[in-house]
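Trainee: Give the three-dimensional model of this entry:
(chains A and B)
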Amino acid sequence: DAGVIQSPRHEVTEMGQEVTLRCKPISGHNSLFWYRQTMMRGLELLIYFNNNVPIDDSGMPEDRFSAKMPNASFSTLKIQPSEPRDSAVYFCASSLGWGNEQFFGPGTRLTVL
Amino acid sequence: DQQVKQNSPSLSVQEGRISILNCDYTNSMFDYFLWYKKYPAEGPTFLISISSIKDKNEDGRFTVFLNKSAKHLSLHIVPSQPGDSAVYFCAASKTSYDKVIFGPGTSLSVIP
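Mentor: Numbering: from 1, shown residues only, chains lettered A, B, ... in the order given. Prediction:
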């Protein structure tokens, strides 16, 4: 298996623009997680899905952030409008069931100017 | 309020010696603990875990020790190798089927 796939790997955008990050989990995994890593806050869980249903989105910082999982093989994290403080590395991870051995993608480095 | 703390942002160790990475937690409900390792430009990878019914778990050169009364765990790497140089994240959850809270990470450098 190719592992968790994220795109793009790098994104540079201007403040106010919409940003969409994409994730393809490992085939057969039914839990998907979006994390954000910053120097100040470390690795934060933003939202997680089980069987395509959002279970806990309490980590989503603001209404500007939204996430969807239309099917078992695809998820998006959208920021609209983006702000410079959203600059971070965003990771997607997946796991089989609720098990905690999560498999992470390579991350998307987002820079908002 | 940070529930999982790694108070040493960085650590340098000579190759062949022991590396000890420490982690403290505040939530007494945490029952399951994990360590992840992260290389630059890659996502974290699972390294080792321990549940609260144990006080030690070993996997090759990696051993995790848990002291529940002190709300403290540590990861020992013996012997340390240059390839172990990475950021190590401690993580905890209330059960093995609950969301995971990560610490801020400790950057380990193993010097040849």
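
Trainee: What about residue 82, how many residues nearby?
Mentor: Picked chain A for this. 23 (other Cβ atoms under 10 Å in any protein chain shown). Backbone N, C-alpha and C define where each C-beta goes, glycine included.

Trainee: let's do chain B instead
Mentor: Residue B:82 has 10 nearby residues by other Cβ under 10 Å.

Trainee: Which single residue of chain B ends up nearest chain A?
Mentor: residue B:43 (2.9 Å; Cβ to the nearest Cβ).

Trainee: next one: the lowest-mean-pLDDT helix or strand in chain B to chain centre, how far?
Mentor: The helix or strand of chain B with the lowest confidence, counting by mean pLDDT, DSSP states H and E, is strand B:101-102 at a mean of 90. Computed by Cα atoms, centre = their mean, to the nearest Å, the separation of strand B:101-102 from the middle of its chain amounts to 11 Å.

Trainee: Quickly check: that strand near chain A or not.
Mentor: Yes: interface with chain A: strand B:101-102 contributes B:101-102 (Cβ under 8 Å from any Cβ of the partner chain).

Trainee: Assess the claim that the residue of chain B closest to chain A and residue A:107 are in contact.
Mentor: Yes: Residue B:43 lies in contact with residue A:107 (Cβ atoms under 8 Å); the separation is 5.6 Å.

Trainee: On the three-state scheme, the residue most central in space within chain A is what?
Mentor: Closest to where the C-alpha atoms of chain A average out (Cα atoms, centre = their mean) is residue A:34, at 3.3 Å. Secondary structure for residue A:34, judged by DSSP: H, G, I helix; E, B strand; the rest coil, is strand.

Trainee: With residue A:106 instead?
Mentor: Assigned with three-state DSSP, residue A:106 falls in the coil class.

Trainee: returning to that earlier point: which residues sit in contact with the residue of chain B closest to chain A?
Mentor: A:4, A:91, A:93, A:104-107 (Cβ atoms under 8 Å, 6 or more residues apart in numbering or on different chains).

Trainee: that older thread, right, and the residue nearest to the centre of chain A touches residue A:77 too?
Mentor: Yes: here residue A:34 lies in contact with residue A:77, judged by Cβ under 8 Å, at a distance of 5.1 Å.

Trainee: Can you work out which residues contact both of those two?
Mentor: In contact with both residue A:34 and residue A:77: A:23, A:46-47, A:67, A:90, A:92, using Cβ under 8 Å, 6+ apart.

Trainee: And whatever residue of chain A ends up closest to chain B, how close does it get to residue A:63?
Mentor: Closest contact between chain A and chain B, by Cβ to the nearest Cβ, is at residue A:104 (2.9 Å). Using Cβ to Cβ, to the nearest Å, residue A:104 is found at 26 Å from residue A:63.
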